[in-house]
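Colleague: show me the folded form of this:
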Amino acid sequence: MNPAELPLRDIHLPEPVSWWPMAPGWWWVIGLLLLASAVVTGIILYRRYRRSRLSYWLKPEFQVLTAKYTVDQDSLAFLQAVSSLLRRACLSLYPRKAVASLTNEAWLGLLDQAGETTVFSQGAGRLLAAGPYLRNASPADVDSLLPLVIKWIDHCGQRKLRGPGE
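Modeller: Next up, the predicted model:
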């Protein structure tokens with residue numbers, strides 16, 4: 001038989017393997033990558049949220065001051081430090097023009113306004129206005145001030161800090 005007369009056709013190659021639809025393993029890899037990126041984004045956003053709150057730095061710093069006071073029992077230094085701490089906290093919440101120049105009754109009024117209370121202008125919190133300038137402050141007065149400051153920090157600590165230029 002003559003090979004030219006044979007009814008043979010040319011060889012046809014199969015279609016190349018398509019990348020779509022993907023194998024199930026690739027779907028698992030994509031799903032895990034999406035889940036990991038969502039978790040990382042959530043963690044970053046939560047940390048940013050937490051750092052944007054006043055309590056992120058205010059509570060630990062107040063705890064350090066309280067611990068130092070329990071060791072030293074220096075009422076005057078403690079009152080000065082607490083007054084400074086609360087002023088810095090208010091500067092973080094309100095514009096500098098509204099806070100920096102306040103003294104005496106106006107300062108206590110701002111603390112009352114921020115904490116939604118009247119204990120600073122009408123109660124034991126009045127010690128913050130004159131206490132840092134006294135020659136000696138009694139530990140009993142400081143002990144009565146501590147719960148007021150803790151309550152103020154708890155109330156104002158969840159407020160969002162001002163951004164730059166606000």
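
Colleague: helices or strands up against the helix or strand containing L35?
Modeller: Element membership for L35 (DSSP states H and E) is helix 24-51. Using 3 or more C-beta pairs under 8 Å, 6 or more residues apart in numbering; DSSP states H and E as the contact test, no helix or strand touches helix 24-51. No exception for glycine: its C-beta is placed from N, CA and C like everyone else's.

Colleague: rounded mean pLDDT for it, please.
Modeller: Computed over helix 24-51, the mean pLDDT rounds to 92.

Colleague: list the buried residues of it.
Modeller: By 16 or more other C-beta atoms under 10 Å, helix 24-51 has no buried positions at all.

Colleague: quick one: distance of it to the chain centre.
Modeller: 21 Å (C-alpha atoms, centre = their mean, to the nearest Å).

Colleague: one more: stretch 9-19?
Modeller: Distance of stretch 9-19 from the chain centroid (C-alpha atoms, centre = their mean) equals 61 Å.

Colleague: and what of stretch 126-145?
Modeller: Chain-centre distance of stretch 126-145: 30 Å, with C-alpha atoms, centre = their mean.

Colleague: can you check stretch 129-146 too?
Modeller: 30 Å.

Colleague: elements contacting the helix or strand following the helix holding L35?
Modeller: Downstream of helix 24-51, the first helix or strand assigned by DSSP H and E is helix 55-72. Counting contacts by 3+ C-beta pairs under 8 Å, 6+ apart, helix 55-72 is packed against helix 75-93, helix 139-156.

Colleague: now the longest one against helix 139-156, angle please.
Modeller: If you take axes from the mean of the first three to the mean of the last three C-alpha atoms, to 10 degrees, helix 75-93 sits at 20 degrees to helix 139-156.

Colleague: what's the nearest residue to L145 if we skip its chain neighbours?
Modeller: Excluding the flanking residues, the one nearest L145 by C-beta to C-beta, 6 or more residues apart in numbering is L127, at 5.3 Å.

Colleague: could you give the number of residues near that neighbour?
Modeller: 23 (other C-beta atoms under 10 Å).

Colleague: tell me the contacts of it?
Modeller: 79, 137, 141-142, 144-145 (C-beta atoms under 8 Å, 6 or more residues apart in numbering).

Colleague: among these, show me the least confident.
Modeller: Checking pLDDT across these, the minimum falls on A137 at 76.

Colleague: host element of the residue nearest to L145?
Modeller: Taking DSSP H and E as the definition, L127 sits inside helix 127-130.

Colleague: next one: stretch 124-141 to chain centre, how far?
Modeller: Remark: stretch 124-141 is offset 30 Å from the chain centroid, using C-alpha atoms, centre = their mean.

Colleague: lovely, talk soon.
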